[in-house]
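Participant: quick one: sequence plus predicted model below, questions after.
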Amino acid sequence: MLTETFQIPLWIELVAAGLGGVQGALFASHLRDRRIDVLGVIVIGIIVSLGGSLLRDIVLNQLPVVIWMNWYLVVAGASAVLGMLVAPLIERADWPITVLDAIVMGLFGAIAATKALSLGVGIVGSLVVGVIGAIGGGMLRDIVLSLPISFLHVGTLYAVAAGAGVGTLLLLVSLGVPVPIAGLVCVAVTTVVRILAVVFDWRFPEQRSALRSPA
């Protein structure tokens, strides 16, 4: 698979962190039923930007790069401010947030799974780490905002989209496809599955309906 000499380029992680910061700030700015101040919007942006990477490194028993390297916090904070500034321009448009959310999930999923493989983690473990990296920022965001956790909520298919993308990456890498190409495919698959789930209202049945005895 991958050797420990493989390194994810820093600029890729920073791009993911930047997009995550923008998406998190946009999400917080669009919560019209909550009075979130400027600092709160920036904090939510940083949480979305760095949360997945933080959980990924904790699971992998690695030093959290988002804490030990200055650039992550700088990029996360700046991108959160940017997201807050552009939020009024798309105040009534939810699609940019949904699409950006899907892209961010794909990026963090690809980065997390690739890092797990490079550390010698097996296929199944790398799949789990990839999904954690993909949805971790959104999960921490929902916890902080006291919202229903997205990937557990009916009709989101967050974890399914993340798993589809990460699973595709792992399959391609096992077949010898170069990691950058496999990573791009991962982002594409995650984004497409997530958007299609929204467009066509794909969902798993609610457990109460699934377990209800037929009349």
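Facilitator: Sure thing, it's come through.
Participant: quick one, helices of the protein?
Facilitator: Secondary structure of the chain (DSSP state H): helices located at 10-29, 38-59, 65-68, 70-86, 95-118, 123-144, 158-174, 179-199, 207-211.
Participant: what average pLDDT does the third one get?
Facilitator: This means helix 65-68. Throughout helix 65-68, pLDDT has a mean value of 91.
Participant: for Phe151, which of the helices of the chain is the nearest?
Facilitator: Phe151 lies closest to helix 158-174 among those, at 3.9 Å (C-beta to C-beta). Glycine gets a C-beta too; all of them are placed from N, C-alpha and C.
Participant: and Trp68, how close does it get to Val177?
Facilitator: Separation of Trp68 from Val177 (C-beta to C-beta, to the nearest Å): 31 Å.
Participant: these two: who's more crowded?
Facilitator: Comparing Trp68 with Val177 by other C-beta atoms under 10 Å, the one with more neighbours is Val177, at 15 against 10.
Participant: for that one, which non-adjacent residue is closest in space?
Facilitator: Val185 (8.0 Å; C-beta to C-beta, 6 or more residues apart in numbering).
Participant: I'd say that neighbour and Val166 touch.
Facilitator: No. At 10.8 Å, Val185 and Val166 do not qualify as touching, with contact defined as C-beta atoms under 8 Å.
Participant: neighbour count for the two, which is higher?
Facilitator: Val166 (31 against 18).
Participant: could I get the contacting residues of the more buried one?
Facilitator: 109-110, 112-113, 126-127, 130-131, 134, 186, 190 (C-beta atoms under 8 Å, 6 or more residues apart in numbering).
Participant: ok, His30 - how many residues close by?
Facilitator: Neighbour tally, His30, other C-beta under 10 Å: 16.
Participant: for it, grab phi and psi.
Facilitator: phi -90, psi 0 (degrees, to the nearest 10).
Participant: pLDDT at it, what is it?
Facilitator: So His30 comes in at 84 (pLDDT).
Participant: give me the distance between it and Arg203.
Facilitator: His30 is 22 Å from Arg203, by C-beta to C-beta.
Participant: where does pLDDT dip in the protein?
Facilitator: 1-6, 91, 93, 153-156, 204-215 (pLDDT under 70).
Participant: Val65 contacts Ala16, doesn't it?
Facilitator: No. Counting by C-beta under 8 Å, Val65 stays clear of Ala16, with 11.9 Å between them.
Participant: who's more crowded, the two?
Facilitator: Higher neighbour count among Val65 and Ala16: Ala16, with 29 against 18, using other C-beta under 10 Å.
Participant: now the more buried one. Nearest residue, chain neighbours left out?
Facilitator: Leu107 (4.0 Å).
Participant: number of residues surrounding that neighbour?
Facilitator: 27.
Participant: who's in contact with it?
Facilitator: 12, 15-16, 19, 187.
Participant: can you rerun that using 7 Å?
Facilitator: Neighbouring residues of Leu107 by C-beta atoms under 7 Å, 6 or more residues apart in numbering: 16, 19, 187.
Participant: same check, this time on Pro178
Facilitator: Counting by C-beta under 7 Å, 6+ apart, Pro178 has no contacts.
Participant: need the phi and psi values for it.
Facilitator: The phi/psi pair for Pro178 (degrees, to the nearest 10) is phi -60, psi 140.
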